[in-house]
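*Asks:* what follows is a predicted protein model with its sequence.
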Amino acid sequence: MPIQQKNTTPQTQTAPEPPSPLEKVKGQPQLLRGMKDILPADQPYWDAIRTVVEDNAHSAGFSRIETPILEAANLFTRTVGQETDIVEKEMYVFVDKSGDKIALRPENTAPVARAFLEHGLISWPQPVRLYYLGPFFRHDRPQAGRYRQFWQFGFEVLGDAHPVVDAQLVYLAVSIYKALTVPVTAHINSLGDSVCRPNYMKILTEYFRTRRNSLCEDCKRRLQKNPLRILDCKEPDCHTVSQDVPQIVDHLCEQCRDHFVRVLEYLGELEVPYTLNPRIVRGLDYYTRTVWQIMDEGVEDHYGQTDLGGGGRYDDLLQQLGNRPVPAVGFAGGVERLMMRMRERQYVPAPIRHPDIFLGQLGEAARKKSLKLYDTLRTLGIRAAESFSKDSLKGQLETANRLGVKYALIIGQKELMDDTILIRDMESGIQEVVDFKKVVPEIQKRLAKTNGAVPPEKRVAV
RNA sequence: GUGGCUAUGGUGUAAUAGUAGCACAGGGGCCUGUGGAGCCCCUAGCAUGGGGGCAGAACCCAUUAGCCACCCCA
């Protein structure tokens, strides 16, 4: 502590001492809890995920939609459900300067539905297939693979009630994980609809009421609010109690049963690996009929973070928001969680394409000359790397080596004098002096030769 | 939101309470004209705040963050 501030009488009223610029700054700015910087080392994984999601989406006829991060808070309370944890405990809500209650979007189905209604997508050829990739926010306790700002990719098909759409969406989700080397199984269930679900809820409530004493405190509360969620409880006692619970699939109305059976048939045709799982109830209120979660196959118990994504049908949501019935189904997957799995599986992302050549220079005049050449090459689409700020050729070649370029072009005193340039093959170390005027065509020729022979980039290592 | 474990240079780690060391990465040099090897040098750290103690990276408390288990979910 170089400066004594306490117990001294300042001569004038002073502001706090500004820290000396050389003094180490205490209280350095820090990442907010649950937030994460995505550093360059992570980008190849992100690129891989982005690419696979986009390719799959486009080839399946989906168009991209991006909705704002900020929405009116009640968009979510109305749709996701007032009683759900997402809304009740985890949503970032604040009042803005005009006094409006704003939320950072915790999920994207409601925003997409809002956009669908707001921009009249109902008049587009149906169904409308949309996909997105963006950040979402939930104020949860962070853990590995769980952040307060997290990314999701997702798909929504609006305006189609056919069960084959549900199956296609499950298929699409599974394909994406497969393409990224993460083998998954779809755990699937049906929640019925407004016709048969209330009925089942009664049966369920009845069942649990007689066994109320065996339930945990949370589930006793759930019994009142949403008995369905008891099925999801991980307390061993609750789990035991719900072992013999009447299953919803046995209490579906005829239409719902037919829908579900057909979804399963289509999944069979598509050879999608799936498991019927009556415990899949989902944490959002808007689901009807088909619901599913994508589980990492490599992990034993299917709870916790093995849950890579989930989806389901929400035939009543649009009706509820816009008073027009639009059947719809969607899926969303978590990017960070997927990335974690890819890392565990030693997924090798495609390397960032390295530059073609490196420009080395010795001396100020050479530096200027290579600067000009740098511009020429770049204009021609040749990717030139350099470290113009370095003086030693050794250091420059080290950089060239690290970058993995094929050729280094070197200009020094000698070359400057006779207006030539050195082409160094970085693999063999063979060097050749060429006329400076001929260097561009020469390089183009060499690069064309080698590039043509290079096989398409391998994405996955063995 | 609850409980447990953890916190040392950029990264990975060491140090009976008594000089914070090593490896990698980074920078420079040996060698202003040649990379992937070697050698030398340099940079950079005890998360934050308090407490007891001659003395703390180590002990105690709080805070913050990470991880794990819950809760929940992506």
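*Replies:* Okay, I see it.

*Asks:* by proximity to RNA strand B, which residue of chain A wins?
*Replies:* Nearest to RNA strand B in chain A, going by CB to the nearest atom of the strand, is A:Gly283, at a distance of 1.5 Å. Just so you know, the C-beta spots here come from the backbone N, C-alpha and C atoms, and that holds for glycine as well.

*Asks:* what about the closest residue to A:Asp419 other than its chain neighbours, how many neighbours?
*Replies:* Leaving aside its sequence neighbours, A:Asp419 sits nearest to A:Phe436 (CB to CB, 6 or more residues apart in numbering; 4.9 Å). Neighbourhood size, A:Phe436 [other CB atoms under 10 Å]: 17.

*Asks:* the strands in the stretch 151-300 of chain A, which residues?
*Replies:* Secondary structure of the stretch 151-300 of chain A (DSSP state E, counting those that start in this stretch): strands at A:184-190, A:274-276, A:288-296.

*Asks:* coming back round to it: so the residue of chain A closest to RNA strand B sits right up against A:Glu83, yeah?
*Replies:* No: A:Gly283 is beyond contact range of A:Glu83, at 10.4 Å (criterion: CB atoms under 8 Å).

*Asks:* and the nearest residue to the residue of chain A closest to RNA strand B once chain neighbours are set aside, what does it touch?
*Replies:* Excluding the flanking residues, the one nearest A:Gly283 by CB to CB, 6+ apart is A:Thr84, at 5.7 Å. Residues near A:Thr84 by CB atoms under 8 Å, 6 or more residues apart in numbering: A:283-285.

*Asks:* show me which residues of the stretch 101-250 of chain A sit near RNA strand B.
*Replies:* Residues of the stretch 101-250 of chain A lying near RNA strand B by CB under 7 Å from any atom of the strand: A:107, A:138, A:140-148, A:150, A:152, A:218, A:229, A:232-235.

*Asks:* can you flag the buried ones in those?
*Replies:* By neighbour count, with 16 or more other CB atoms under 10 Å, these hold A:107, A:138, A:140, A:145-148, A:150, A:152, A:229, A:232-233, A:235 as buried.

*Asks:* widest-spaced pair of these?
*Replies:* Distance extremes for these: the farthest pair is A:Gln152 and A:Glu235 at 28.5 Å, using CB to CB.

*Asks:* can I get the strands of the stretch 151-300 of chain A in TSV with mean pLDDT, distance to A:Asp166 and mean neighbour count?
*Replies:* Converted to TSV, these look like this (pLDDT from 0 to 100; distance: least, CB to CB, whole Å; neighbours: other CB atoms under 10 Å):
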stretch	mean pLDDT	distance to A:Asp166	mean neighbour count
strand A:184-190	93	9	25
strand A:274-276	93	11	16
strand A:288-296	92	4	25
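
*Asks:* which stretch among the ones you listed comes nearest A:Ala448?
*Replies:* strand A:184-190 (42.1 Å).

*Asks:* direction included, what does the closest one pair against?
*Replies:* Each strand paired with strand A:184-190, and its direction, by DSSP bridges: strand A:274-276 (parallel), strand A:288-296 (antiparallel).

*Asks:* turn these into a markdown table, including distance to RNA strand B.
*Replies:* Formatted as a markdown table, the strands paired with strand A:184-190 follow (distance: least, CB to the nearest atom of the strand, whole Å):
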| stretch | distance to RNA strand B |
| --- | --- |
| strand A:274-276 | 16 |
| strand A:288-296 | 7 |
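
*Asks:* could you dump the ones you listed to a markdown table with distance to A:Ile38?
*Replies:* Formatted as a markdown table, these follow (distance: least, CB to CB, whole Å):
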| stretch | distance to A:Ile38 |
| --- | --- |
| strand A:274-276 | 32 |
| strand A:288-296 | 22 |
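
*Asks:* quick check: which ranges of chain A have low pLDDT?
*Replies:* Within chain A, the ranges that satisfy pLDDT under 70 run A:1-27, A:234-236, A:298-305, A:450-462.

*Asks:* grab the most central residue of it for me.
*Replies:* Nearest residue to the geometric centre of chain A (CA atoms, centre = their mean): A:Val335, 3.0 Å.

*Asks:* ignoring the adjacent residues along the chain, who's closest to A:Thr205?
*Replies:* In space, A:Thr205 is closest to A:Pro227, 5.0 Å off (CB to CB, 6+ apart).

*Asks:* just give me the neighbour total for the one you found.
*Replies:* By other CB under 10 Å, 22 other residues sit near A:Pro227.

*Asks:* next one: the one 10 residues further on
*Replies:* Residues within reach of A:Asp237, counting by other CB under 10 Å, total 14.

*Asks:* wait, it touches A:Leu215, no?
*Replies:* Yes: counting by CB under 8 Å, A:Asp237 does reach A:Leu215; the two are 7.0 Å apart.

*Asks:* all strands for the stretch 301-450 of chain A, in order.
*Replies:* In the stretch 301-450 of chain A, the segments counted as strands under DSSP E, counting those that start in this stretch are A:307-313, A:328-334, A:357-361, A:384-386, A:407-411, A:420-425, A:431-435.

*Asks:* got a markdown table for those, with distance to RNA strand B and mean neighbour count too?
*Replies:* Below are the strands of the stretch 301-450 of chain A laid out as a markdown table (distance: least, CB to the nearest atom of the strand, whole Å; neighbours: other CB atoms under 10 Å):
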| stretch | distance to RNA strand B | mean neighbour count |
| --- | --- | --- |
| strand A:307-313 | 4 | 24 |
| strand A:328-334 | 3 | 25 |
| strand A:357-361 | 8 | 26 |
| strand A:384-386 | 13 | 20 |
| strand A:407-411 | 5 | 25 |
| strand A:420-425 | 5 | 20 |
| strand A:431-435 | 6 | 13 |
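
*Asks:* what separates the closest residue to A:Pro142 other than its chain neighbours from A:Ala332, distance-wise?
*Replies:* The shortest distance from A:Pro142 to any non-neighbouring residue, by CB to CB, 6+ apart, is to A:Gly34 (4.1 Å). According to CB to CB, to the nearest Å, A:Gly34 and A:Ala332 sit 19 Å apart.
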